[in-house]
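In: fold the following.
(2 chains)
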Amino acid sequence: MRYSVSSNAQVRVRFAPSPTGWLHIGGVRTTLFNYLFARKHGGKFLLRIEDTDTERSEQKYTDDILSSLKWLGMEPEEPILYQSKRFDLYKKVADDMVSKGQAYRCYCTEAEVEATREQMMKEGKKPMYARTCRNLTAPPTGREHAPFAIRSKFPLTGTTSFKDMIRGEISFPNEDLDDFVIIRSNGVPTYNFVVVIDDIEMKISHVIRGDDHINNTPKQMYLYAALNHLAPPDGDAPKVPMFAHLPMILGQDKKKLSKRNGETSTNAYREQGFLPEALLNFLVRLGWSHGDQELFSMQEMIDLFNLENVQVSGAVFNTEKLMWIAGEHMKKADPTRLLKIIQTDFGKCFSGVSLPRLKEPLTIELIKHIQQKVKLVKEVAEQLHPLLEKGVMPVDSSGLKWNKDADTKQKVKNGIESLIELGRKKLLGNNSLAEAGVGHADIDGILRGICEQHGIKLGDFTGPMRLFVTGQATSAIGLFDLLPILHWSDIEERLQACLKA
RNA sequence: GUCCCCAUCGUCUAGAGGCCUAGGACACUGCCUUUUCAAGGCAGUAACCAGGGUUCGAAUCCCUGUGGGGACGCCA
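Out: Numbers count the residues shown, from 1 in each chain, chains lettered A, B, ... in the order given. From the prediction side, this is the model:
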């Protein structure tokens, strides 16, 4: 909160997800803060795939992370580092630590370790490894050829502390810290180990991550000290990066956001039709603020972002606010771009419509109006669908007010007949009234005129028309705007259907 | 249980000792327009976890308590 960035160091940050699940929305927020920080300081944003868990890592998840980041517009600026390709290196570093007495071979079985852990829990202590093998000079008898893990030889006394850029000084008594495993008995390295090796090699200047990593930091501090010799000789990278631990994103139940208490998959938001900039705007306000400002363009986020204004406590993921922000960004979006997204992501919404109709300029005109009222791209597509259909569509007219009043019903029909006639006259051989120079205000005048002439209320008149022309009782586009845009032939067919209702 | 972190309206937040009878936003409620719908405008309800200090003065600093969350893996 109170620490600023030293100006001469090159800022290099990374997002380091493990491909064991779809890109989590919390990961997107972490990425966003890293990305904004890099942009703001003229640094670089990098990506590292932490696929050391060979059991659970899957290619499809890596693909998902990559495609989601691309969708969000936050792509890495240097080649992606895959940890699974570097096992040999990690092993060598670990062996080196063993030979220097910074780590040791542990011959305990998982069951043995688990047993002591449970025992300590019962005694009211923090469950830790009993350090059985810490001072061994040779393998225990009978286990000479047994597989062994490699553990860090973490100091037993003193304290380990670091200065968090968001929270200030955080320190841990060393006696509470474990001799954590750095290489599993199957030879695969663990997270806390490789993260340090890679951050050193990638010359990461600032580690910005979720605060669930606070407790890992002292372990990593130990490793930074032990692996100091790995730091690049050019000295342009800090020996130990600065840390900034971001508050968690919480579900409605105030617990860490997970599948159980909210939608966590980034893809789901894309499929629902959120604009990426809307999602990002919502996410940036979860834990960060700039005075009273709520709406930010990507450029504004970059210009305004800073770690000083990052919040310390967790933030509940609030879907209502997301929806509001989505609507605000929708209003500002370029309609041509919206059409493109509709075509690539929401083609399925157009069953029964010949897609070439999407290319007609009238589509853009329709989108311009629709986007003012809806929040999601999918909604734009759904609103567009019936409008682009040729001719009549099935409608449910049972809810119409005129069902209760035969007199009005007849008057409205008379009015519609007048409208059809008038429309033809105004069309002057064009496809649509708009092409003939008829606009919103003209339609307003025409409809009001007809209502006056036939002695009906505007609301009674527009209700049935809206239903038959849009196929829906309510629509995201006003009738006054819609009538000029659509092909008059389609409107006429639909109004004829209305007359028969 | 142990360690770490946190604590302002229901939610996101502003707040860096006096500008705070605590501001904005979402949501909610009401009103206006009711001569088009899911628009727009206006207004309102609503919070400094508790107790002790420090200070002329505390939402803001300190301590304690309470509450919440996170971490305690040969997951990341």
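In: quick one: what helix or strand has the residue of the stretch 251-400 of chain A found nearest RNA strand B in it?
Out: Relative to RNA strand B, the nearest point of the stretch 251-400 of chain A is A:Ser313 (2.9 Å; CB to the nearest atom of the strand). Backbone N, C-alpha and C define where each C-beta goes, glycine included. Using DSSP states H and E, A:Ser313 sits in no helix or strand.
In: so it touches A:Pro247, yeah?
Out: Yes. With contacts counted by CB atoms under 8 Å, A:Ser313 reaches A:Pro247, the gap being 5.6 Å.
In: which one's more surrounded, the two?
Out: A:Pro247 (19 against 9; other CB atoms under 10 Å).
In: ranges for the strands of the stretch 401-501 of chain A?
Out: Counting by DSSP state E, counting those that start in this stretch, one finds no strands in the stretch 401-501 of chain A.
In: residues from it in reach of RNA strand B?
Out: Within the stretch 401-501 of chain A, the positions adjacent to RNA strand B are A:440, A:444, A:448, A:457-459, A:462-463, A:466, A:472, A:474-481 by CB under 7 Å from any atom of the strand.
In: now, those that are in helices?
Out: Counting by DSSP state H, the part of these found in helices is A:His440, A:Asp444, A:Arg448, A:Leu458, A:Gly459, A:Thr462, A:Gly463, A:Arg466, A:Leu479, A:Phe480, A:Asp481.
In: buried residues, stretch A:37-44. List them.
Out: Buried residues in stretch A:37-44, counting neighbours by 16 or more other CB atoms under 10 Å, are found at A:Phe37, A:Ala38, A:Arg39, A:Lys40, A:His41, A:Gly43, A:Lys44.
In: can you show me the strands along the stretch 1-150 of chain A?
Out: Under DSSP E, counting those that start in this stretch, the stretch 1-150 of chain A gives strands at A:12-15, A:44-49, A:81-82, A:103-106, A:149-152.
In: can you say which of those strands is nearest to RNA strand B?
Out: Taking CB to the nearest atom of the strand, strand A:149-152 is the member of the strands of the stretch 1-150 of chain A nearest to RNA strand B, at 4.0 Å.
In: would you map the helices across the stretch 51-200 of chain A?
Out: Along the stretch 51-200 of chain A, the segments classed as helices by DSSP state H, counting those that start in this stretch run A:59-72, A:87-99, A:110-122, A:191-201.
In: ok, of the ones you listed, where does mean pLDDT dip lowest?
Out: Lowest mean pLDDT of those: helix A:110-122, a mean of 90.
In: how about that helix, does it reach RNA strand B?
Out: Yes. Residues of helix A:110-122 contacting RNA strand B under CB under 7 Å from any atom of the strand: A:Glu110, A:Val113, A:Arg117, A:Met121.
In: filter these down to the buried ones.
Out: For the residues of helix A:110-122 next to RNA strand B, a burial check counting by 16+ other CB under 10 Å picks out A:Val113, A:Arg117.
In: in a markdown table: the residues of helix A:110-122 next to RNA strand B, plus distance to A:Lys60.
Out: Formatted as a markdown table, the residues of helix A:110-122 next to RNA strand B follow (distance: CB to CB, whole Å):
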| residue | distance to A:Lys60 |
| --- | --- |
| A:Glu110 | 29 |
| A:Val113 | 33 |
| A:Arg117 | 34 |
| A:Met121 | 37 |
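In: show me the two of the residues of helix A:110-122 next to RNA strand B that sit farthest apart.
Out: A:Glu110 and A:Met121 (16.3 Å; CB to CB).
In: near RNA strand B, which residues of the stretch 101-250 of chain A?
Out: For the stretch 101-250 of chain A, the residues in contact with RNA strand B (CB under 7 Å from any atom of the strand) are A:106, A:108-110, A:113, A:117, A:121, A:124-129, A:149, A:167-168, A:170-173, A:176, A:178, A:180-181, A:184-186, A:188, A:190-192, A:211-216, A:247-248, A:250.
In: if we use 6 Å, what do you get?
Out: Within the stretch 101-250 of chain A, the positions adjacent to RNA strand B are A:106, A:108-110, A:113, A:117, A:121, A:124-129, A:149, A:167, A:170, A:172, A:176, A:181, A:184-186, A:190-191, A:211-212, A:214-216, A:248 by CB under 6 Å from any atom of the strand.
In: on that earlier part again, most neighbours per residue, which of the helices of the stretch 51-200 of chain A?
Out: helix A:191-201 (a mean of 22; mean count of other CB atoms under 10 Å).
In: please name every helix or strand in contact with that helix.
Out: Counting contacts by 3 or more CB pairs under 8 Å, 6 or more residues apart in numbering; DSSP states H and E, helix A:191-201 is packed against helix A:87-99, strand A:181-183, helix A:217-226.
In: with distance to A:Thr137 added, can I get the ones you listed in a markdown table?
Out: As requested, the helices and strands packed on helix A:191-201 are arranged in a markdown table below (distance: least, CB to CB, whole Å):
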| stretch | distance to A:Thr137 |
| --- | --- |
| helix A:87-99 | 12 |
| strand A:181-183 | 19 |
| helix A:217-226 | 20 |
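In: pretty sure A:Met191 contacts A:Asp51?
Out: To be clear, residue A:191 is Tyr; Met isn't right here. No. Using CB under 8 Å, A:Tyr191 is not in contact with A:Asp51; the gap is 10.8 Å.
In: so what sits against both of those two?
Out: Taking CB atoms under 8 Å, 6 or more residues apart in numbering as the contact rule, A:Tyr191 and A:Asp51 both touch A:Ser18.
In: not counting sequence-adjacent ones, nearest residue to A:Leu428?
Out: A:Ala436 (4.9 Å; CB to CB, 6 or more residues apart in numbering).
In: and A:Lys256, by the same measure?
Out: A:Met248 (5.4 Å).
In: please apply the same query to A:Glu169.
Out: Nearest non-adjacent residue to A:Glu169 (CB to CB, 6+ apart): A:Lys163, at 5.6 Å.
In: and that neighbour, how far from A:Asp212?
Out: A:Lys163 is 19 Å from A:Asp212, where distance means CB to CB, to the nearest Å.
In: give me every residue that touches the closest residue in space to A:Thr62 that isn't next to it in sequence.
Out: Spatial nearest neighbour of A:Thr62, excluding adjacent residues (CB to CB, 6+ apart): A:Pro19 at 4.2 Å. By CB under 8 Å, 6+ apart, A:Pro19 lies in contact with A:Ile49, A:Glu50, A:Asp51, A:Ser57, A:Glu58, A:Gln59, A:Tyr61, A:Thr62, A:Ile65.
In: what is the nearest of those residues to RNA strand B?
Out: Ranking those by separation from RNA strand B, with CB to the nearest atom of the strand as the measure, puts A:Glu50 on top at 2.8 Å.
In: tally of neighbours for the closest one?
Out: 19.
In: what pLDDT does the model give A:Gly478?
Out: What the model reports as pLDDT for A:Gly478 is 89.
In: give me the neighbour count for it.
Out: When neighbours are counted by other CB under 10 Å, A:Gly478 registers 16.
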